[in-house]
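Colleague: Please find the sequence and the predicted model below.
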Amino acid sequence: MIPAVALLFGLVIGSFLNVVIHRVPLRQSIVWPSSKCPNCEEPIKSFDNLPVLSYLILRGRCRNCKTRISPRYPLVEVLTGGLFALAGYEFGLSLDLAWALVLISVLVALAGTDFEHRLLPNVIVGPAAAVGFGLSVARDPGGWWIYLVSAVAVAAGLFALALARPGGMGMGDVKMGGMLGAFLGAYAALAVFIGALVGAVVGGVLMLSGRMQRRTALPFGVFLALAGIFTLFFGQEVWQWYWRLIRLT
């Protein structure tokens, strides 16, 4: 039952995250006014605001002006719902589940804002880091220093890279790395490594295909978010596999 409830809850949270992704970079309130069509500005009725279902019923168009609705909306809702369900299955009803759901929500929101606006807003990263640190300490009171040191170390490492290669990485990425340290502790380094690796592979493929120029900057926050979610669920297993591999060589 926990994964099923988490799935439904995640769909609702995903709908809210769509509001965050759209409004926060524009410095608009996420509470007021209610959602409206960006084209005709007609307020969206409550029965047209059901996660995923309303998009399907309306066939991806505004009921009033028939303007196409971005597929980002149902994608974010389905992604958040699916990840919430996976977290419910993995962690059960526990403090770990609350910690995981907060991290998933933050990473989905940051991935969306960085992909659409090339921005990792401080109003999301800062409070998320504080909440993440608090939840991490509540889960592991004796290891509180690990999360503090990890946050500082990961942010410092990314800051050094940003200085070494101006334009390749922004301060938002640096702050997001520190936030991952507050949530994931030492495993945040693994998330950064995976994110950088995947980003390099994707960038290389895009350049070889002619879809991206050499100096075009990729939204690194998207790859950090994906790697953070991967590390949340599989980081410990990957780390153990790595050390077993080291011992064999």
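Modeller: In hand now; what should we look at? Residues are numbered from 1 along each chain as shown.
Colleague: tell me the centre residue of the chain?
Modeller: Residue closest to the average C-alpha location in the chain (C-alpha atoms, centre = their mean): residue 107, at 1.6 Å.
Colleague: so what's that residue up against?
Modeller: When the contact criterion is C-beta atoms under 8 Å, 6 or more residues apart in numbering, the partners of residue 107 are 225, 228-229. The way it works is simple: take the backbone N, C-alpha and C, and place the C-beta from them, glycine included.
Colleague: Now rank those residues by neighbours and give me the top one.
Modeller: residue 228 (30 neighbours; other C-beta atoms under 10 Å).
Colleague: Give me the pLDDT value at it.
Modeller: What the model reports as pLDDT for residue 228 is 97.
Colleague: Looking at the contacts of residue 107, which is nearest residue 28?
Modeller: residue 225 (22.0 Å; C-beta to C-beta).
Colleague: Give the other helices and strands that the host helix or strand of that closest one contacts.
Modeller: Using DSSP states H and E, residue 225 maps to helix 220-248. In terms of contacts (3 or more C-beta pairs under 8 Å, 6 or more residues apart in numbering; DSSP states H and E), helix 220-248 is packed against helix 72-91, helix 95-117, helix 171-184, helix 187-208.
Colleague: Adding distance to residue 23, write the contacts of residue 107 out as a markdown table.
Modeller: As requested, these are exported to a markdown table (distance: C-beta to C-beta, whole Å):
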| residue | distance to residue 23 |
| --- | --- |
| 225 | 19 |
| 228 | 23 |
| 229 | 23 |
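Colleague: With respect to residue 160, which of those is nearest?
Modeller: Relative to residue 160, and with distances defined as C-beta to C-beta, the nearest of the contacts of residue 107 is residue 228, at 20.1 Å.
Colleague: dump the residue contacts of the closest one.
Modeller: Residue 228 touches 103, 107, 180, 183-184, 188, 191, 195, counting by C-beta under 8 Å, 6+ apart.
Colleague: That one and residue 104, how far apart?
Modeller: Taking C-beta to C-beta, to the nearest Å as the measure, residue 228 falls 9 Å from residue 104.
Colleague: got it, and residue 236?
Modeller: Counting by C-beta to C-beta, the gap from residue 236 to residue 104 is 17 Å.
Colleague: For the two, indicate the residue with more neighbours.
Modeller: Higher neighbour count among residue 236 and residue 104: residue 104, with 25 against 12, using other C-beta under 10 Å.
Colleague: Which residue is the nearest non-sequential neighbour of that one?
Modeller: residue 83 (4.8 Å; C-beta to C-beta, 6 or more residues apart in numbering).
Colleague: Tell me, how many residues neighbour that neighbour?
Modeller: Residues near residue 83, counting by other C-beta under 10 Å: 25.
Colleague: If anything else comes up later, I'll come back, but that's it for now.
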